[in-house]
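**Q** Just the structure for this:
(one chain, ligands or ions: 4)
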Amino acid sequence: MTRLSKIFVSFWSRTQPFQSSGKVVTAQWRRSCASIAPAVRVAERSQIQDSDDEIEVFEHQSKRQTEISPNLTDKFGRHHTYLRISLTERCNLRCQYCMPSDGVELTPKQKLLSTGEIIKLSELFVKEGIQKIRLTGGEPLVRSDLIEIIGALNDLRPHGLENIAMTTNGITLARKLPQLKANGLDSLNISLDTLIPAKFEFITRRKGWDRVMKGIDTAVELGYGPVKVNCVVMRGVNEEEICDFVALTEKKNVDIRFIEYMPFDGNKWNFKKMVSYNDMLDIIKTRWPDIQRIQDRPNDTSKAYKVPGFEGQVGFITSMSEHFCGSCNRLRMTADGNLKVCLFGNSEVSLRDMMRSTDNDTEILDVIGAAVQRKKKQHAGMFDLAKMKNRPMILIGNQQKFYSLLSAKSRIFNIVNHFNQTIKPSCAMMAVRNLHVDENSAFKYWEKEQADKDDVTENYWEIKLSDDSSVVKGDKKSTTLISDHVFNSNDNYSNKQNCDKQLTHVDSSGKAKMVDVGGKNESFRVAMATGTIILGKEAFDLLRDNKIKKGDVLSVANIAGIMVAKRTHDLIPLCHNIPLSKVSVDFVLEETTYSVIITSEVKTYGKTGVEIEAITAVSIAAVTIYDMCKAVTKSMVITDIKLLHKSGGASGQYNIGEN
Ligand SMILES: Nc1nc2c(ncn2[C@@H]2O[C@H](COP(=O)(O)OP(=O)(O)OP(=O)(O)O)[C@@H](O)[C@H]2O)c(=O)[nH]1
Ligand SMILES: C[S@@+](CC[C@H](N)C(=O)[O-])C[C@H]1O[C@@H](n2cnc3c(N)ncnc32)[C@H](O)[C@@H]1O
Ligand code: SF4
Ligand code: SF4
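**A** Ligands and ions are numbered 1, 2, ... in the order given. Model prediction:
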């Protein structure tokens, strides 16, 4: 059968119940003979010969009766009724999976779409058949004209716009939502990857967990239902929290959507970090075996599930393991005005330039139509995607610029390398550790301190930064000064703590003692710790590719961390022997700094906390990595070991940065 006749059959069959994936689906979509014509023209124009199997196109029952323009119909018969507009490249978070810690180089303002241009393009698209517009970014809430834009979109309803939606990180949502709703915002998706505040700070590199939670609650209170919560699941980062997220749906009308981690330029995607739909479902089924698959909403990216009796629901966005390109109805507009017909496609056309050079809408529509025609049937598959060039999720700009931005951490790594050759390793360790305390500000402070010193004596060293070849000069004395600066602030903290509290591990005669915890109440206790080992390029590459001669480094380090957590009381003199209910040790490979970030989580139901166990697990995992890689290099640095989070017990919750 030729492709053309297949399309005819396909359209005819939509007026009948038809068979799909083994079950009968009643076609909700009705289309007049007249409206078939454009699709036939599409097929003729693109001269498609026998291609792969026909794509099933599911369209939802639209209140709108106007025809979808052929400009928005691709050669596979998919009607594009959903436009995602990125309003900005800027963001007040720095999620690890989305953007580098230093941010991305921003496009100059004059190259970004103005308010008027966004509204004009939206109108053009709506008149062609777009029924839903989602505002996204970057972070759409940082755009000051957001309320105005939503109001203007609201005015497009008579032309057929049915839904105005927004995806946000929720940081400033609670305050702004009432006005956004009043202006016409219909639906809300809010991103939240963890229920642990300290982990939020780790993932997003910023504080704000409680503000996001407040945003979610405000959205529920204002009647958004269900509020969709996006959770990108990454192995070793938050897959342990999947059930906690599901539990949230018991009392809240939220739709928690677990998203498979997707590869974008610069986000260090790695197959091992991705937790697949099936794996996530298995985890949930261990606690709720009766979780049920429920009807998806039309054109949803997610596969919907519900625990019987729970108010909300959960879903899985399976872009990697089971793509949903067959029912794709999406187009995207980047903040600098490029039309992107596929999230993973790298072909883009500038509607901004068209719009700025002509008043003729037909010319713009022709460009849109041609781009839609070029849309591929589906994305390339996760392994190929990982190798492809595509914008980072947040970045709207030039790829090379993005790559030339070296993170502060990689600058620090260069410094370590240099230190190791020129001054005492202990100084290097100190400087690195202190720069790590707050890598940006410490680095700037250090640069500022050294900027005026241009005489190089034997006590001075100089460092060439590989990103811009600039030279930073310093001396050993001032390295120590930086150390004093940072240590002092920490010392102040610990001195204060010591003043406030009596020493619990020393008796009245000054002799060390083990605290008697027999009288304490038992409670559920959790501790999380983290640490970093900087390996250097050679060892890092070998470890990443699992080619270290001694064996599978991360597996051995994982076991070492778990084992030692259980034996902590044998190693740390005054530590109690605590029955642990769980120990996990996870690793994130940081390509830019050639380092491994280790996190551990330890749980118990007992009379005393497990932070020492968590810190010990991280420490020994790091030392194990060192041991297994030392044949490759000896200049590895173990650094930044610290407690991230502690909860349970009478002393309350501790989150790094908060207390
Ligand atoms: N493959 C693919 N995945 C997408 C696309 N759009 C969104 N996603 C995935 O969906 C996740 C959540 O995106 P959202 O901005 O909340 O949008 P959405 O899921 O399309 O939202 P709804 O309109 O509510 O269906 C993203 O992180 C992606 O993983 C797309 O066009 N293609
Ligand atoms: C790019 S953000 C923009 C909107 C807003 N700043 C936010 O975070 O919700 C849109 C969605 O993409 C998701 N996302 C970003 N990078 C991703 C990745 N590598 N894999 C899967 N989802 C990702 C985010 O979690 C978020 O839900
Ligand atoms: S996912 Fe959203 S909140 Fe996070 S960095 Fe990207 S744009 Fe910002
Ligand atoms: S990958 Fe491309 S074709 Fe597939 S669903 Fe996403 S935008 Fe559509």
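**Q** so what's residue 526 bridging to?
**A** residue 603, residue 647 (DSSP bridges).
**Q** just to confirm, which helix or strand has residue 332 in it?
**A** strand 330-333 (DSSP states H and E).
**Q** by contact count, what packs against the helix or strand following that strand?
**A** Going down the chain from strand 330-333, the next helix or strand is strand 338-340, by DSSP H and E. The contact analysis (3 or more Cβ pairs under 8 Å, 6 or more residues apart in numbering; DSSP states H and E) places strand 338-340 against strand 330-333, strand 348-350, helix 351-357, helix 361-373. C-betas here are computed from N, CA, C, even on glycine.
**Q** The longest one packs against which elements?
**A** Translated: helix 361-373. Using 3+ Cβ pairs under 8 Å, 6+ apart, helix 361-373 is in contact with helix 33-46, helix 115-128, strand 338-340, strand 348-350, helix 351-357.
**Q** same thing with the shortest one?
**A** The helices and strands touching strand 348-350, judged by 3+ Cβ pairs under 8 Å, 6+ apart, are strand 338-340, helix 361-373.
**Q** Could you identify which of these is most buried?
**A** strand 338-340 (a mean of 22; mean count of other Cβ atoms under 10 Å).
**Q** what about stretch 338-351, near ligand 1?
**A** Yes: shown here: stretch 338-351 in contact with ligand 1 (Cβ under 6 Å from any ligand atom) through residue 343.
**Q** Show me the shaky parts of this protein.
**A** The chain contains residues with pLDDT under 70 at 1-66, 265-267, 269, 380-521, 655-659.
**Q** What residues does it have near ligand 4?
**A** 323, 324, 325, 328, 330, 342, 343, 344, 378, 379.
**Q** Output these as JSON lines; include the columns secondary structure.
**A** Shown next, in JSON lines, are the residues of the chain next to ligand 4 (DSSP: H, G, I helix; E, B strand; the rest coil):
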{"residue": "323", "secondary structure": "coil"}
{"residue": "324", "secondary structure": "coil"}
{"residue": "325", "secondary structure": "helix"}
{"residue": "328", "secondary structure": "coil"}
{"residue": "330", "secondary structure": "strand"}
{"residue": "342", "secondary structure": "coil"}
{"residue": "343", "secondary structure": "coil"}
{"residue": "344", "secondary structure": "coil"}
{"residue": "378", "secondary structure": "coil"}
{"residue": "379", "secondary structure": "coil"}
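**Q** Just the buried ones from those residues?
**A** 324, 325, 328, 330, 342, 343, 344, 378, 379 (16 or more other Cβ atoms under 10 Å).
**Q** Going by distance to residue 309, which of the residues you listed wins?
**A** Closest approach to residue 309 among these (Cβ to Cβ): residue 324, at 28.3 Å.
**Q** quick one, which of the helices and strands packed on strand 348-350 is nearest to residue 634?
**A** Closest to residue 634 of the helices and strands packed on strand 348-350 is strand 338-340 (Cβ to Cβ; 47.4 Å).
**Q** And for that closest one, what's in contact with it?
**A** 331-334, 347-352, 367-368, 371, 396 (Cβ atoms under 8 Å, 6 or more residues apart in numbering).
**Q** ok, back up a step: pick the one among the residues of the chain next to ligand 4 closest to ligand 3.
**A** Using Cβ to the nearest ligand atom, residue 343 comes nearest to ligand 3 of those, at 13.8 Å.
**Q** re the thing from before, closest to residue 529 out of the helices and strands packed on strand 338-340?
**A** Between residue 529 and these, the shortest separation by Cβ to Cβ is 40.1 Å, and it involves strand 330-333.
**Q** Can you give the strand pairings for the closest one, parallel or anti for each?
**A** strand 82-86 (parallel), strand 338-340 (antiparallel).
**Q** Do the last one and ligand 2 come into contact?
**A** No: using Cβ under 6 Å from any ligand atom, we find that strand 338-340 stays clear of ligand 2, coming within 13.1 Å at best.
**Q** and stretch 163-183, which residues are buried?
**A** Those buried within stretch 163-183 under the rule 16+ other Cβ under 10 Å are 164-174, 176-177, 180-181, 183.
**Q** same question but for stretch 620-631, I mixed them up
**A** For stretch 620-631, by 16+ other Cβ under 10 Å, it's 620, 621, 622, 623, 624, 625, 626, 628, 629.
**Q** Report the secondary structure element holding the fifth one.
**A** Meaning residue 624. Per DSSP H and E: helix 611-629 holds residue 624.
**Q** Which neighbouring elements make contact with that helix?
**A** strand 523-534, helix 537-544, helix 553-566, helix 568-571, strand 580-590, strand 595-606, strand 637-647.
**Q** residues in contact with the second one?
**A** Right, the one you point to is helix 537-544. Counting by Cβ under 8 Å, 6+ apart, 535, 548, 553-554, 589, 591, 594-596, 625, 629, 632-633, 636 sit against helix 537-544.
**Q** ok, now with 10 Å
**A** 268, 270, 272, 413, 417, 533-535, 547-549, 552-554, 557, 587, 589-591, 593-596, 625-626, 628-636 (Cβ atoms under 10 Å, 6 or more residues apart in numbering).
**Q** Can you select the buried ones from the residues you listed in PyMOL?
**A** To isolate the buried subset of these in PyMOL, counting by 16+ other Cβ under 10 Å, use the following:
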select buried, resi 268+270+413+417+533+534+535+548+553+554+557+587+589+590+591+593+594+595+596+625+626+628+629+632+635+636
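**Q** near ligand 1 too, which of the contacts of helix 537-544?
**A** Near ligand 1, by the rule Cβ under 6 Å from any ligand atom, you find none of those.
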